[in-house]
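A.B. asks: All I have is the shape, not the residue letters:
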């Protein structure tokens, strides 16, 4: 993924789904990953995709997708070792009690070294009449640090009708784009699924006012700009004003949209320093 590339990924692909060496200001937490592994989010972002949708889903997942397949980005607490992923490692239970499994499990498209926490599950995961309601990791899936993720479960599966929410917010030294705006630090936000501006447009000036950062003294600040856009994944970087010691990031409703143009609800996350 190229930061600031400006490439526009069509809406369905967008759904599916920094540097060190400078000390960071103190954040509202001390770590980005919990010591105990957990499933942070499971988001049914695509359901019963049509023929064109299957082709687009195949392009982003790298797997052979069929009409009627579904897509579910799953955000985990730990970066995942890609070579331990297999579709049979995951099991879903539908509302009617049926068991389903994905035909594809991949870290695409969020494969930069500072991402790797979102596993995209695709395949016949359920149907509009019998949606998945629970997810389990039943096979041997490992985090990059060797943490065992086997046995993790979630019975909280959100759907595209609810709109995407922020799952994580990590504080980093500013990259090139944010530095050019006068920032010394940036926040990498992780969303439940891919996000853009309305109807697939790139987030820009119109979306800036929807974001705000609360510092450790309780003062609210606007952000300066965005980075890490145009790649179709669920990560968006925001550029901080210099000297701000952030504790929380807030996003107003209908600021960002999923690829079916469902707006985000009011959403916020504690800003934590990256491990």
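C.D. replies: Alright, I've got the coordinates. Keep in mind that what you see is a predicted model, and the values were worked out from it rather than measured.

A.B. asks: Low-confidence ranges, the stretch 151-275 of the chain, go.
C.D. replies: Of all residues in the stretch 151-275 of the chain, none has pLDDT under 70.

A.B. asks: Which parts of it are strands?
C.D. replies: 153-154, 157-159, 166-173, 185-191, 211-215, 220-222, 225-227, 235-239, 246-251, 267-270, 272-273 (DSSP state E, counting those that start in this stretch).

A.B. asks: go on, the stretch 1-150 of the chain?
C.D. replies: Under DSSP E, counting those that start in this stretch, the stretch 1-150 of the chain gives strands at 39-44, 70-76, 90-94, 99-100, 104-106, 118-123, 132-137.

A.B. asks: now the second one against strand 39-44, angle please.
C.D. replies: Taking axes from the mean of the first three to the mean of the last three C-alpha atoms, to 10 degrees, one finds that strand 70-76 is oriented at 170 degrees with respect to strand 39-44.

A.B. asks: What distance do you get for residue 98 to residue 123?
C.D. replies: 14 Å (C-beta to C-beta, to the nearest Å). The way it works is simple: take the backbone N, C-alpha and C, and place the C-beta from them, glycine included.

A.B. asks: Now render the strands of the stretch 151-275 of the chain as CSV, adding distance to residue 50 and mean neighbour count.
C.D. replies: Listed next are the strands of the stretch 151-275 of the chain as CSV, based on distance: least, C-beta to C-beta, whole Å; neighbours: other C-beta atoms under 10 Å:
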stretch, distance to residue 50, mean neighbour count
strand 153-154, 28, 15
strand 157-159, 18, 18
strand 166-173, 28, 22
strand 185-191, 24, 25
strand 211-215, 33, 20
strand 220-222, 40, 12
strand 225-227, 31, 23
strand 235-239, 27, 24
strand 246-251, 30, 21
strand 267-270, 29, 18
strand 272-273, 39, 18
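
A.B. asks: for the ones you listed, which one sits closest to residue 80?
C.D. replies: strand 185-191 (13.3 Å; C-beta to C-beta).

A.B. asks: How far does that closest one sit from its chain's centre?
C.D. replies: 10 Å (C-alpha atoms, centre = their mean, to the nearest Å).
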